[in-house]
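*Asks:* here is a sequence together with a model predicted from it:
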Amino acid sequence: VDDVSSWLSSIGLPQLRTRFKSMDISGTKLLELQQQRNALSWLVGDGPYATRLRKEMELLRGKEEADRRWENTFGQEVAEDEERGQQEWVEELRGELRVFLVGEPMLPSPPPSPSSSCPQSSSPPSARLSTSSSASSLPSPPPPPQDEEEGPVLLLPLFGIPDFPSLLAAISKELRKPIDRLTTHTGEPVVSLHALPDSVYALQTGQLFVLAAEHDGFEQEIYLRSTNRSVVVETLSVSPRVFYVKSFLHEEECQGVKQIAESRMGYSTIAQPGKAAKMAVETARNSRTAWIHKATDPLIDAIGQRVSELSKAPMRLAEDMQVLHYAVGQHYHSHYDYFDPSIHEAFISSPGRNRFITVLFYLSDVEEGGETVFPLAGNASVSEVTDFSDCSRGLKVKPQSGDALLFYNLLPDKQQGSCPEEDPGCHLDRKSLHAGCDVTKGEKWAANFWIHNKE
C-alpha cells in the first residue's frame, strides 16, 4: 500500500493517494493493484500520457487562479460603482454648492453661543481689548443683522459634475474668472468631490486666502499642523480686518526670540517719500529694531512656519522677522505697513507687489501703555485723524506675552494690485492705519512678519 501510494504522489495525484491509503484492501486485491500499477507506470510514468496529465492539471490550476482574480476585480468594480452611486446620490441630495469670493462673510451673522465648538478665551476681553469712550468707539456685539442681499456669489448645481477639474471649470465659467483653488471657511484646501463642503471660497489664480471677518467677536478655529494644535482666532474688527490669536507663542519661544535679537538691536527707521529708497530715524518712531533672517535659527523657522499655517500664505512671500523693543516714552505713531505707490514708489520692487498681511506677536506683557491702536476701526474716516500721536480713539489692543494680531493692509478683492494709472493705490486698505502707543511703565517687546501679496 505504501509503495502504490508513494507512486500516486510522485505522478502528481496526492488526493488519490490519500483516498487509496484509506481503503481496506485484501492481499489478493493488493496483488492485482500492484500489477495494474506496473502497467500504469509504463503508460503514464514518462510517456505522452504523463505530459498530457500534467498540462491539464496546470491549466486547471491557472483557471482557478484566473477565477479568483476575476472575482476580486469584479468585487472592486462593484464597490466603486456603489461609491459612485452614493456620491451621485449625495450630490443630488445636496443640490447646490455655495460659492463665495475670498474674504466675503460665509457663515450666519449671529455670534457663536457658549456651547460652540470654539472655546472661549481664557482671559476676559477687557484684559486685552479696549475702546475709547468717545462717539467713535467700536460698537460691541451683537452685530447688526445681515442685509437680504448678502450671500454666496454663486449657487452651483452639483448633479452631473463628474470630477473636481470639471467643478473648477464650471465655477470659472459662471463667475467669468480664472478660478484655480477652492478652500473651506478656515482656508483648508478643497481638492476633490469627496466630502465636499456645502460652502467654499473660490480663489483666482495668484490670490491669497483671506480670513473671513464675519462680525466683531466672531471666533473660529485654525489648525496649526506644525504644532498639532488649533488656535482660536477672534475677529476684533471687520474694517479694518483685524484678528486676535490667543497663545500663539509659548513663553520660552518669546524669551528665545528676545535673546536672539538683543545683540542685533538698532534704531528704528521710517521709509522716506520720494523716488529713492531711503530710511531715516524720526521722532514719530523712536523704538529699537532688529532684523532676523528666516534661516538664522530653528526657532525663527518654526515661528515662520506657524505664521504660514495661520495666514495660509507661503513664507517665501514674507520679509525677515522684525523684532521691536519699546522703553518708557517710546512709540510708533499712526502709520501704514503698506507702501503707497504714489509716495514710496522706490520701495515697490514689481508692479502691484506690496505688504498684504501683518502678523504681530507680543513677546512680553506691558505694565502700562504700549497698546496697538487702530484709530479708523468702526465708522471713522481718514479725514478725522488729524493727530497721529493720539491713542485715545478706535480699537486698542493691550499686549499680552505670546498672543498675536493678524491684520490685512490691502483690500481682499483687489489684493493683486491691478489698479488703473489714475488710481495706483486702489488696492490699499486706508483703514488699516495703526500705531504703537507710548509705553508709560515697564517695557514692550514684540515681533512681526510682513507677508507680500506676490513675489
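*Replies:* It's in.
*Asks:* spit out the contact partners of the residue nearest to residue 437 when sequence neighbours are not counted.
*Replies:* What sits nearest to residue 437 in space, not counting adjacent residues and going by Cβ to Cβ, 6 or more residues apart in numbering, is residue 391, at 3.9 Å. (Glycine included, C-beta is placed from N, CA and C.) Each residue near residue 391 by Cβ atoms under 8 Å, 6 or more residues apart in numbering is listed here: 371, 373, 435, 437, 438.
*Asks:* which pLDDT value goes with residue 391?
*Replies:* Looking at residue 391, its pLDDT is 94.
*Asks:* mind checking what secondary structure it has?
*Replies:* Secondary structure, DSSP: H, G, I helix; E, B strand; the rest coil: residue 391 is coil.
*Asks:* and the furthest pair within the contacts of residue 391?
*Replies:* 373 and 438 (10.8 Å; Cβ to Cβ).
*Asks:* and the two? which has more neighbours close in?
*Replies:* Taking neighbours as other Cβ atoms under 10 Å, residue 373 and residue 438 compare with residue 373 leading, 23 against 20.
*Asks:* so who does the most centrally placed residue in the chain touch?
*Replies:* Nearest residue to the geometric centre of the chain (Cα atoms, centre = their mean): residue 188, 4.1 Å. By Cβ under 8 Å, 6+ apart, the residues touching residue 188 are residue 223.
*Asks:* measure it to residue 296 for me?
*Replies:* Residue 188 sits 30 Å away from residue 296 when distances are taken as Cβ to Cβ, to the nearest Å.
*Asks:* just the helices in the stretch 201-350 of the chain please.
*Replies:* 251-262, 298-311 (DSSP state H, counting those that start in this stretch).
*Asks:* any idea which of these is most buried?
*Replies:* Ranked by mean neighbour count, the helices of the stretch 201-350 of the chain are led by helix 298-311 with a mean of 19 (mean count of other Cβ atoms under 10 Å).
*Asks:* send the alpha carbons of that helix over as CSV?
*Replies:* Extracted in CSV, the C-alpha atoms of helix 298-311 (Å, rounded to 0.1, in the frame of the first residue of the first chain):
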residue,chain,number,x,y,z
PRO,A,298,15.4,76.8,14.0
LEU,A,299,13.2,78.8,16.4
ILE,A,300,12.7,81.6,13.8
ASP,A,301,12.0,78.9,11.1
ALA,A,302,9.4,77.2,13.4
ILE,A,303,7.6,80.5,14.1
GLY,A,304,7.6,81.4,10.4
GLN,A,305,6.0,78.0,9.6
ARG,A,306,3.3,78.7,12.2
VAL,A,307,2.7,82.1,10.7
SER,A,308,2.3,80.5,7.3
GLU,A,309,-0.2,78.0,8.7
LEU,A,310,-2.2,80.7,10.4
SER,A,311,-2.3,83.1,7.4
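*Asks:* got a list of contacts for it?
*Replies:* For helix 298-311, contacts defined as Cβ under 8 Å, 6+ apart pick out 208-209, 222-227, 231, 233, 245, 248-249, 253, 256-257, 260, 292-295, 314-315, 318, 321, 357, 359, 361, 404, 406, 449, 451.
*Asks:* for the protein, what helix or strand is lowest in average pLDDT?
*Replies:* Between all helices and strands in the chain, the lowest mean by mean pLDDT, DSSP states H and E belongs to strand 129-131, at a mean of 49.
*Asks:* quick check: mean pLDDT across the helix or strand that that one is followed by?
*Replies:* In the C-terminal direction, the helix or strand that comes right after strand 129-131 (DSSP states H and E) is strand 154-157. Per-residue pLDDT values across strand 154-157 average out to 93.
*Asks:* in strand 154-157, which residues are buried?
*Replies:* Using 16 or more other Cβ atoms under 10 Å as the burial criterion, the residues of strand 154-157 that qualify are 154, 156.
*Asks:* cool, stretch 168-183 as well?
*Replies:* The neighbour-count check on stretch 168-183 (16+ other Cβ under 10 Å) flags 168, 170, 171, 172, 175, 177, 179, 181, 182, 183 as buried.
*Asks:* go on, stretch 399-415?
*Replies:* For stretch 399-415, by 16+ other Cβ under 10 Å, it's 399-412, 414-415.
*Asks:* one more: stretch 312-322?
*Replies:* 312, 313, 315, 317, 318, 320, 321, 322.
*Asks:* which one among these gets closest to residue 215?
*Replies:* residue 312 (20.9 Å).
*Asks:* hmm, residue 187 and the closest one touching each other?
*Replies:* Yes - the criterion here is Cβ atoms under 8 Å, and residue 312 meets it with residue 187 at 3.9 Å.
*Asks:* what residues are shared contacts of these two?
*Replies:* residue 209.
*Asks:* name the SS class of residue 192, please.
*Replies:* coil.
*Asks:* ok, it - contacts?
*Replies:* Residue 192 neighbours (Cβ under 8 Å, 6+ apart): residue 164.
*Asks:* so what does it look like in phi/psi?
*Replies:* phi -160, psi 170 (degrees, to the nearest 10).
*Asks:* next: the one 5 residues further on.
*Replies:* The phi and psi torsions at residue 197 (degrees, to the nearest 10) take the values phi -70, psi 170.
*Asks:* count of neighbours near residue 224?
*Replies:* If we define neighbours as other Cβ under 10 Å, then residue 224 has 17 of them.
*Asks:* so it bridges to which residues?
*Replies:* residue 229 (DSSP bridges).
*Asks:* was I right about residue 260 contacting residue 321?
*Replies:* No - if you go by Cβ under 8 Å, residue 260 and residue 321 don't touch, sitting 9.1 Å apart.
*Asks:* identify the contacts common to the two.
*Replies:* Contact criterion Cβ under 8 Å, 6+ apart; residues shared by residue 260 and residue 321: 292, 300.
*Asks:* of the buried residues of stretch 399-415, closest to residue 157?
*Replies:* Distances from residue 157 to the buried residues of stretch 399-415, taken by Cβ to Cβ, are shortest for residue 412, at 26.9 Å.
*Asks:* name the nearest residue to that closest one, sequence neighbours excluded.
*Replies:* With sequence-adjacent residues excluded and distances taken as Cβ to Cβ, 6+ apart, residue 412 is closest to residue 103, at 3.0 Å.
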